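A.B. asks: I'll drop the sequence and a predicted model, then ask my questions.
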Amino acid sequence: MNGSVLDKYRFFDTDERIRQIAFDLYSSVKDLPIISPHGHVDPALLAGNEPFPDPTELFIIPDHYIYRMLYSQGIKLEGLGIPTVDGTEVEKDHRKIWQIFGDNFYLFAGTPTGVWLRHEFVEVFGIEEKLNSKNAMDIYDRIQEKLKTKEFLPRTLFDKFNIEVLSTTDGAADTLEHHKKIKESGWKGRVVPCFRPDAVVNILTKNWKNEIDRLSSASKIEINSYKDFIKAIENRREYFKANGAVSTDQGTISPYTHKLSYGEADAIFSRALKGLASESDWMLFTANMLMEMARMSTEDGLVMQLHPGSLRNHNQKLYERFGLDKGADIPVQTEYTKNLYELLNKYGSYPGFTVIVFTLDESTYSRELATLAGHYPAMRLGPPWWFHDSIQGMTRFRQSVTETAGFYNTVGFNDDTRAFLSIPARHDLARRMDSNFLAGLVARHIIDMDEARQLSRALAYELVKKAYKL
Amino acid sequence: MNGSVLDKYRFFDTDERIRQIAFDLYSSVKDLPIISPHGHVDPALLAGNEPFPDPTELFIIPDHYIYRMLYSQGIKLEGLGIPTVDGTEVEKDHRKIWQIFGDNFYLFAGTPTGVWLRHEFVEVFGIEEKLNSKNAMDIYDRIQEKLKTKEFLPRTLFDKFNIEVLSTTDGAADTLEHHKKIKESGWKGRVVPCFRPDAVVNILTKNWKNEIDRLSSASKIEINSYKDFIKAIENRREYFKANGAVSTDQGTISPYTHKLSYGEADAIFSRALKGLASESDWMLFTANMLMEMARMSTEDGLVMQLHPGSLRNHNQKLYERFGLDKGADIPVQTEYTKNLYELLNKYGSYPGFTVIVFTLDESTYSRELATLAGHYPAMRLGPPWWFHDSIQGMTRFRQSVTETAGFYNTVGFNDDTRAFLSIPARHDLARRMDSNFLAGLVARHIIDMDEARQLSRALAYELVKKAYKL
Amino acid sequence: MNGSVLDKYRFFDTDERIRQIAFDLYSSVKDLPIISPHGHVDPALLAGNEPFPDPTELFIIPDHYIYRMLYSQGIKLEGLGIPTVDGTEVEKDHRKIWQIFGDNFYLFAGTPTGVWLRHEFVEVFGIEEKLNSKNAMDIYDRIQEKLKTKEFLPRTLFDKFNIEVLSTTDGAADTLEHHKKIKESGWKGRVVPCFRPDAVVNILTKNWKNEIDRLSSASKIEINSYKDFIKAIENRREYFKANGAVSTDQGTISPYTHKLSYGEADAIFSRALKGLASESDWMLFTANMLMEMARMSTEDGLVMQLHPGSLRNHNQKLYERFGLDKGADIPVQTEYTKNLYELLNKYGSYPGFTVIVFTLDESTYSRELATLAGHYPAMRLGPPWWFHDSIQGMTRFRQSVTETAGFYNTVGFNDDTRAFLSIPARHDLARRMDSNFLAGLVARHIIDMDEARQLSRALAYELVKKAYKL
């Protein structure tokens, strides 16, 4: 952090008492290594270590946080160069796309994306001006210039960002070739996979049979029954673990958990193989797989993560034209107390087992999540997720959960990002907000400065390391 | 705003940094014209331009915000002069009613009604004392005195309030005679109608058949089928538009949207005409009419407004005795992600179409509304509505939606009031709160002062004008 | 309050303007007598007036707030000396348990339990050090020393705490012998019972038949029908009232209210006596009993309290091993608008009837509870309950309900505690938070200082006295 246009007290409360304590706490943790235990950066980036092609490829095309907002104001994704599923042509002039971005940068005022981008421009590229219509091309050129240099190669940035561990997210059938390549390269950056079985668990998706075939190839287990399927999953978890994975992750609409009998599970699996599975089959099978994944975690020690409550691909036409993850995943109300009942009753007090639960439904923070995590030894709360990975979102999270769950039933920060450059910006913001929250408690005499220092370090570094067994 | 008992920094954060910026921003927008695109003032008031009869008629009898609170503390509506449906006698001594109001004015401490009333007393009538038991009669007399003068005629106040546009809310069968009279009067105040078809859409209400007859007369279309009904609606929308309307409005329990086939819709309509419609018919017909109204808006350009989630007339006996809108409409949990799915998939990206969505369920702000409005180009968020049109309500709204939807997917302020005198008080409060929110962002270095100035003007004036095509 | 390590401005906003006003308001109410109208202290404590055996028995073993948090971090209840249902041996060395408590005291940083304990240590025992691993045994000894003295007998503390009234919670079949003993003892402390019929209303619990037998004995009414049952309940309410009770209380999962016909109710009761009641019977019977209890309250004048929304004994194994109230009661989403419809329509405007409603679902504050209480004369809002009896919880409560319900539809503070020593700590915190909230309103010119003073006294003392008819 230099004496830049980014104010050193930014995001802290304006009250002088709180601000000074916050700055003090923040100063002592800001340079700690970054642990990113749940992200979506493509490992190929670090395996290949090729220069980023241009600013538009770097900032806009991979980041649905950005084009979601542009789309909401009537800008078409075609014009932003987002590739189509069927290969129909889209805008190829990346300078033109960047100009649109500059013209509309004002839309991000007050959003975390706006804040992260400012951080990236200033801290990574030394660009202090705010992007706008007039300076867009000039800024494009200046970034482009830098991207060609060695200092801006992915691994160099990884080291510069002081990343201690980066976890990617990888499908059950993934070969993890990029992870292997990284390890074999001699470069010392620690990049680990995370086992995400959604594609083989979602028995209703069109592509499911193919995914099962891929799982079968990867595990070298012929999959004709539920038993085979479970064996294949166990096999892949083992493979992931051998390649450095410490965790699994599942994204479901509902966190409903329920163990089916072998017969029930097998019957559903068999219907699914024939393309005959129903909505109810899908719901029960998902609930059952959460139980199975928890059971496996008690056996192989992988930390279980659960990200429920996003209704994916709300905009059907957009999905058909551009595919997954295009900024049209919309949260739905989510229930945890009843849905996690079976899982927590069976495994919630199991020694050594950890399930980290996330939400997009903030109304559950104080009502369900903090009360469950404040009781069950195995349960921990993931940080504010996605839309809530923000100044207000983090504030609401700490305000809502701390009094019931304390700090030690939470697990530090996750950046959850596909945008590699935004990693330090996001961690910096999180460290600022946690410092600010703790400073508020000190200034109001709820905790003392010793406690705050200890907590500050825990939230920035120690809790995540412990929770994810890193 | 004079150097009055109303502190010039009122409602702003107390922190000096924020307060000064807030006051600066507020000062630059406080005198902008008022655009009131969604209100419930009776157009007869401005068509007739008669003096207000007395303080009780002006402040108490039309304002359920006021007598709701008095009722909650055991004061009967009869004693407050609220007219009964069957004409049974109620208190006629308006001085006596005003005395009750004075005796109980302390109940409004900390409520927006308390704040608005103070503004109205001081700014409109120059009454600086706080109303209480002792001064009630004196204040009554002083207001009464002023109401007799020309300065207090409705149109004079309208001009003094600097209202650029006032939209009323009018039933589908309304002749709009008052609007015509205003236009023909030569007075230059712009008063426009808004098309509200609830009475003809709610097929289960007792009065529905009469409403259909009124619609039929108004549109000069005999209504024997769903097709006729739709034609009549389209006809009336055209008529409203020709008389200045820019928008429509619908109030439903649920925002569920679903297009029925013509056969299904016609069958329900036909059952309804025979008085045989079921709860399920009503639900489906409402869902279908939201789709139809959206479709019509894509054709005639009227902005669509949706106000779901109020369970009307919760207190049955009160409803039977005093009728609609008596302070007993109670919010219920409301779901948007799934319910708006069909409408947004069909029309959410339609060029030029705008649907403005409101809520009484604040838990949906960050979870559903901001995420939907932050994606679909047609969707905008209405301001905090009704119980949330308040200092804390506005604060929560901006805190919850801004980070995901930004500012430009919101539409400025609506006063939504039946109480004509409260219009400037409500807009003043909204401008103060938005200035304060922006000031907080500036003081924490989330946005800069240039952005804040631009946003300040947008929130006070420009966004509403653009969103409502005014 | 001495010039202790507890800062005199603690918990107030840091802004100097607010802080000074808050301190001023707090100073004028901090020494008012404590009215505790809803608690769970065992009346035997005050009937026997024996010395507390030791610090572990005093602080840890009766307080699920404390061992819930320890359990959540993997500490077994056996090791904390929590008695088992079957009498299996648990840790008996209370010094050892206290050491565990000291080792893990840091877990309570930022929680209300942490804040209350600090208050108790400092204010009651004069122990200014923060508990930790090193000083745990020393602190144990110092507390133990004091507990042997007369100054620390329960009644002496009761008087020292300046408790004007303490309500306990007592089952329908309770003989109230301890209450009688207190009254007969000549000691002037006012300890009153509260009638809680849950054990005889919950027809699905294993122990229900026994409870009916106990009710039968207590009321001297043979219970063979629903009619007998209702008579017995009425009989016991009368008995409680004669022994000082001013209120009843019911804890239900859902606040659904619905009156059954006599035939329906009797049929369910009869099935229940045969052990044949279904889930649906249970739900309907509970809904019916809320109606019956309201009806009885309109007759005998007891204030009705309703505490819905806790899913009791979420952790089945823990429940089987340790019984009720072991920190595993988890809130669920709760609906009031529709569920209270029947009760409020029938009794919500009944003169003299009061129903005080609580919640663990904060999303209902602004949406349902404030709007209902802001309309129905009989309904009042209980203070933030259980997990929300906290600094942030109280802040959210006032921020969410005040603008719609005002202050006068709320009822002051309830401590709801089993931990006798925590009563003054909890009331002190509540008085601080209400003072702080009012100070914020004054500093922002929403209310004036006169109003704040009046409200301050109302919230600390007058409203609770009035609402509970004390």
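C.D. replies: That came through, no problem.

A.B. asks: give me the element A:Gln250 is part of.
C.D. replies: Using DSSP states H and E, the element containing A:Gln250 is strand A:247-252.

A.B. asks: anything in that strand near chain B?
C.D. replies: No. For strand A:247-252, no contact with chain B is found by CB under 8 Å from any CB of the partner chain; the gap never falls below 15.5 Å. The way it works is simple: take the backbone N, C-alpha and C, and place the C-beta from them, glycine included.

A.B. asks: what about the one residue in the stretch 151-300 of chain A that gets nearest to chain B, distance to A:Asp54?
C.D. replies: Nearest residue of the stretch 151-300 of chain A to chain B (CB to the nearest CB) works out as A:Ile253 at 10.5 Å. Distance, A:Ile253 to A:Asp54, using CB to CB, to the nearest Å: 37 Å.

A.B. asks: So A:Pro377 versus chain C, what's the distance?
C.D. replies: 5 Å (CB to the nearest CB, to the nearest Å).

A.B. asks: That residue: neighbour count?
C.D. replies: By other CB atoms under 10 Å in any protein chain shown, 21 other residues sit near A:Pro377.

A.B. asks: and stretch A:256-272, which residues are buried?
C.D. replies: For stretch A:256-272, burial by neighbour count (16 or more other CB atoms under 10 Å in any protein chain shown) applies to A:256-260, A:264-266, A:268-269, A:272.

A.B. asks: from those, which ones fall inside strands?
C.D. replies: Judged by DSSP state E, the buried residues of stretch A:256-272 include no members of strands.

A.B. asks: follow-up on the earlier one: the residue of the stretch 151-300 of chain A closest to chain B is in contact with A:Asn313, isn't it?
C.D. replies: No. When contacts are counted by CB atoms under 8 Å, A:Ile253 is not listed as touching A:Asn313 (11.8 Å).

A.B. asks: so what does the one helix or strand A:Met137 maps to touch, helix or strand wise?
C.D. replies: Using DSSP H and E, A:Met137 sits within helix A:136-147. When contacts are defined as 3 or more CB pairs under 8 Å, 6 or more residues apart in numbering or on different chains; DSSP states H and E, helix A:136-147 packs onto helix A:55, helix A:94-103, helix A:125.

A.B. asks: Need the winner for burial among those.
C.D. replies: The highest mean neighbour count among those, using mean count of other CB atoms under 10 Å in any protein chain shown, belongs to helix A:55: a mean of 23.

A.B. asks: chain center to that helix: distance?
C.D. replies: 23 Å (CA atoms, centre = their mean, to the nearest Å).

A.B. asks: can you check stretch A:45-53 too?
C.D. replies: On CA atoms, centre = their mean, the centre of stretch A:45-53 falls 21 Å from that of its chain.

A.B. asks: just stretch A:381-400 next, same as before
C.D. replies: 13 Å.

A.B. asks: Quick one: end-to-end length of it, please.
C.D. replies: End-to-end distance for stretch A:381-400: 12 Å, by CA to CA, to the nearest Å.

A.B. asks: again, but for stretch A:156-167
C.D. replies: 17 Å.

A.B. asks: now stretch A:244-254
C.D. replies: So stretch A:244-254: terminal residues 29 Å apart, CA to CA.

A.B. asks: Check which helix or strand A:Lys181 maps to.
C.D. replies: A:Lys181 is located in helix A:177-184, with elements delineated by DSSP H and E.

A.B. asks: Give me the mean pLDDT for that helix.
C.D. replies: For helix A:177-184, mean pLDDT is 97.

A.B. asks: How about stretch A:25-35?
C.D. replies: Mean predicted lDDT for stretch A:25-35 stands at 98.

A.B. asks: for it, which positions count as buried?
C.D. replies: A:25-26, A:29, A:32, A:34-35.

A.B. asks: Run through who's touching it.
C.D. replies: A:1, A:12, A:161-165, A:412, A:423-424, A:427-428, A:431-432, A:435-436, A:438-439, A:452-453, A:456-457, A:459-461, A:464-465, A:468, A:470 (CB atoms under 8 Å, 6 or more residues apart in numbering or on different chains).

A.B. asks: more neighbours, A:Ile253 and A:Asp54?
C.D. replies: A:Asp54 (19 against 16).

A.B. asks: Quick check: the more buried one touching A:His94?
C.D. replies: Yes. Taking contacts as CB under 8 Å, A:Asp54 lies within contact range of A:His94: 5.2 Å.

A.B. asks: What is the neighbour count of the spatially closest residue to A:Pro351 that is not a sequence neighbour?
C.D. replies: Once flanking residues are discounted, A:Pro351 sits nearest to C:Gly74: 7.4 Å by CB to CB, 6 or more residues apart in numbering or on different chains. Other residues lying near C:Gly74 total 12 when counted by other CB under 10 Å.

A.B. asks: And for the one 4 residues further on?
C.D. replies: In terms of burial, C:Glu78 registers 15 neighbours under the definition other CB under 10 Å.

A.B. asks: can you give me the offset of stretch A:421-429 from its chain's centre?
C.D. replies: Distance, centroid of stretch A:421-429 to centroid of chain: 13 Å (CA atoms, centre = their mean).

A.B. asks: Check whether that stretch comes near chain B.
C.D. replies: No. Stretch A:421-429 stays clear of chain B (CB under 8 Å from any CB), getting no nearer than 10.5 Å.

A.B. asks: Which positions within that stretch qualify as buried?
C.D. replies: A:421-429.

A.B. asks: and what of stretch A:202-211?
C.D. replies: A:202-203, A:208, A:211.

A.B. asks: List of residues touching that stretch?
C.D. replies: A:171-173, A:199-200, A:268-269, A:272-273, A:275, A:277, A:279, A:281-282, A:285-286.

A.B. asks: Report the buried members of those residues.
C.D. replies: Buried among these by 16+ other CB under 10 Å: A:171-173, A:199-200, A:268-269, A:272-273, A:277, A:281-282, A:285-286.

A.B. asks: What is the nearest of those residues to chain C?
C.D. replies: After measuring those against chain C - CB to the nearest CB - the closest member comes out as A:Thr286, at 21.0 Å.

A.B. asks: contacting residues for the closest residue to the closest one other than its chain neighbours?
C.D. replies: Distance criterion CB to CB, 6+ apart; nearest residue to A:Thr286, sequence neighbours excluded, is A:Thr252 at 5.3 Å. Residues near A:Thr252 by CB under 8 Å, 6+ apart: A:198, A:286, A:290, A:306-308.

A.B. asks: send the alpha carbons of stretch A:105-121 over as PDB?
C.D. replies: Presented in PDB, the C-alpha positions along stretch A:105-121 are these (Å, rounded to 0.1, in the frame of the first residue of the first chain):
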ATOM      1  CA  PHE A 105     -17.900   2.700 -15.200                       C
ATOM      2  CA  TYR A 106     -20.000   5.200 -13.200                       C
ATOM      3  CA  LEU A 107     -22.600   2.400 -12.700                       C
ATOM      4  CA  PHE A 108     -20.300   0.700 -10.200                       C
ATOM      5  CA  ALA A 109     -20.300   3.600  -7.800                       C
ATOM      6  CA  GLY A 110     -21.000   2.200  -4.300                       C
ATOM      7  CA  THR A 111     -20.500  -1.400  -5.300                       C
ATOM      8  CA  PRO A 112     -17.700  -3.800  -4.300                       C
ATOM      9  CA  THR A 113     -16.800  -4.300  -7.900                       C
ATOM     10  CA  GLY A 114     -16.200  -0.600  -8.200                       C
ATOM     11  CA  VAL A 115     -14.000  -0.700  -5.100                       C
ATOM     12  CA  TRP A 116     -12.000  -3.800  -6.200                       C
ATOM     13  CA  LEU A 117     -11.400  -2.400  -9.600                       C
ATOM     14  CA  ARG A 118     -10.100   0.900  -8.200                       C
ATOM     15  CA  HIS A 119      -7.700  -1.200  -6.000                       C
ATOM     16  CA  GLU A 120      -6.500  -3.200  -9.000                       C
ATOM     17  CA  PHE A 121      -6.000  -0.200 -11.200                       C
END
